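Participant: Can you look at this prediction? I've put the sequence above it.
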Amino acid sequence: MDATSMALCQSFQFPAFSRVPGRGLGLSLPLSKMHSSSSSLPLLSSSPSNLQVSCSSSPLRCTFPGRPYTSVMIVPTGVGAAIGGYAGDALPVARTLASVVDCLISHPNVMNAAMLYWPMQNTLYVEGYALDKFAEGSWALQPVHQNKVGLVLDAGMEEELQIRHLQVVDATRASLGLPVMEYTLTDSPLEVEIWIDPECGKSTGRIKNPDSLLRAVCSLVERSKVNAVAVVARFPDDDTNETDAYRQGKGVDLLAGVEAIISHLVVKEFQIPCAHAPALSPLPLSTSLCPRSAAEEIGYTFLPCVLAGLSRAPQYVVRNSGFTETGCILGSDVDSVVLPIDACGGEGALAFARRSRNKAIIIAVEENETVLSDTPNKLGIDAIKVSNYWEAIGVIAAHKTGVDPKSLRRGGIDNIRQSPIPNRFGFKVSLPRLHDKVCSY
């Protein structure tokens, strides 16, 4: 930065800066508002609105606008992920990653921590089915300031559990100002069943009355005009070995598979944000509780993080023939995707990996193992393999800066290769026409 620009930056008290999804960290001001009291400082440009001012620690520095860097963080639910397979234990990774990128896109399994959550202004909370459609290019994400959230309670919940959850809703409305509009009960119990898939070891299950759930959501959407829905279903209280192992930081989250089924069903039908919180009886006190599971032991409900996430979750825009991209984030805007080393076989991950244009780098984290075996090598995915999330965030920081991540490693850069000489019969150029295109002004 030259002396004039530095003086101009230091002569003002700028208002607070914030991260805005899809825009990065910064504040755009008309240059007419940036005159110094000293007449010796000229305007930097005649453009009225395109100077972007951003603030780092010290000194202040001016940066000019560029395309925001967008990263997607995926940790599939119900697969026993070493990091992200428990009660919000991937949230520290998401917080750190959000501080490096301009826009982070992730899903409830990463962002939810039962009674705990962490608001991040540049992070988009996207349900898993919607994330797959976004990756495929079928849907776009429309950031919002606020959603109108509705709540569906399972008619199979005991009255005390219903009251507990309604008290949570009122607490979030009064203490956090969350826009939860109305609630409704399903017209029949959902009857959730859960089990472990014997073939791959992930959790799964079903709800016996899915139509009852859809009718309840439809009622909220049509009568209450909500555009995001939280669902609380009564889950069985079976005391199983899987539950005990989960509380000790081992095994698989037995509830997670059906939670995903519930939210997928709603999002597929209504194309609006949805997330689920299970209703359970309080578990007996344990003295051997793992910290990674502890967030689910500090209250009667897992609902607070769901309501916080849905309150500003992006809306889903179906890309049809009349679609316009203004203000939306597309799958082709994604620059990097980070996910567990053996969980690369999901629809969203494959869609990002197989994109032919504007292809994101795929970063596979070896330390985050799951019960799956869908590795990049097995699926033929070109991925950057890193040992842990420390390294993953370093790769993303380099990529965002425009630095080849390989250049940060000893011996990471080889001699440049010569491109194969093209077949002289395979491509023809008309010199006069080419000359016309180049030289016509």
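Facilitator: Sure, I can see it.
Participant: which residues in the chain form helices?
Facilitator: 3-10, 91-100, 108-111, 128-136, 159-175, 210-223, 241-247, 256-270, 303-311, 347-353, 376-379, 389-401, 431-439 (DSSP state H).
Participant: among the ones you listed, where is the model least confident on average?
Facilitator: Of all the helices of the chain, mean pLDDT reaches its minimum on helix 3-10 (a mean of 47).
Participant: before we move on, the earlier item: format the helices of the chain as JSON lines; extra columns: mean neighbour count and distance to residue 197.
Facilitator: Quick note: C-beta positions are derived from backbone N, CA and C, even for glycine. What follows is the helices of the chain, written out as JSON lines (neighbours: other Cβ atoms under 10 Å; distance: least, Cβ to Cβ, whole Å):
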{"stretch": "helix 3-10", "mean neighbour count": "14", "distance to residue 197": "57"}
{"stretch": "helix 91-100", "mean neighbour count": "18", "distance to residue 197": "26"}
{"stretch": "helix 108-111", "mean neighbour count": "26", "distance to residue 197": "17"}
{"stretch": "helix 128-136", "mean neighbour count": "24", "distance to residue 197": "17"}
{"stretch": "helix 159-175", "mean neighbour count": "15", "distance to residue 197": "28"}
{"stretch": "helix 210-223", "mean neighbour count": "18", "distance to residue 197": "19"}
{"stretch": "helix 241-247", "mean neighbour count": "17", "distance to residue 197": "12"}
{"stretch": "helix 256-270", "mean neighbour count": "22", "distance to residue 197": "8"}
{"stretch": "helix 303-311", "mean neighbour count": "25", "distance to residue 197": "25"}
{"stretch": "helix 347-353", "mean neighbour count": "21", "distance to residue 197": "17"}
{"stretch": "helix 376-379", "mean neighbour count": "14", "distance to residue 197": "19"}
{"stretch": "helix 389-401", "mean neighbour count": "18", "distance to residue 197": "27"}
{"stretch": "helix 431-439", "mean neighbour count": "8", "distance to residue 197": "58"}
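Participant: Quick one: closest of these to residue 150.
Facilitator: Of all the helices of the chain, helix 210-223 sits nearest to residue 150, with 3.6 Å by Cβ to Cβ.
Participant: just checking, what packs against that closest one?
Facilitator: Helix 210-223 sits against strand 149-153, strand 180-185, strand 228-234, helix 256-270, with contacts defined as 3 or more Cβ pairs under 8 Å, 6 or more residues apart in numbering; DSSP states H and E.
Participant: which residues sit against it?
Facilitator: Residues outside helix 210-223 that contact it (Cβ atoms under 8 Å, 6 or more residues apart in numbering) are 150-152, 155, 182, 184-190, 207, 226-227, 229, 231, 233, 262, 265-266, 269-270, 272, 274.
Participant: Give me the buried entries from those residues.
Facilitator: Neighbour-count burial (16 or more other Cβ atoms under 10 Å) is assigned, among these, to 150-152, 155, 184-186, 188-190, 207, 226-227, 229, 231, 233, 262, 265-266, 270, 272, 274.
Participant: of all the helices and strands packed on helix 210-223, which lies closest to residue 306?
Facilitator: Taking those one by one with Cβ to Cβ, strand 228-234 is closest: 5.0 Å.
Participant: OK, contacts around the closest residue to residue 297 other than its chain neighbours?
Facilitator: Leaving aside its chain neighbours, residue 297 sits nearest to residue 289 (6.2 Å; criterion: Cβ to Cβ, 6 or more residues apart in numbering). Shown in contact with residue 289 (Cβ under 8 Å, 6+ apart): 247-248, 297.
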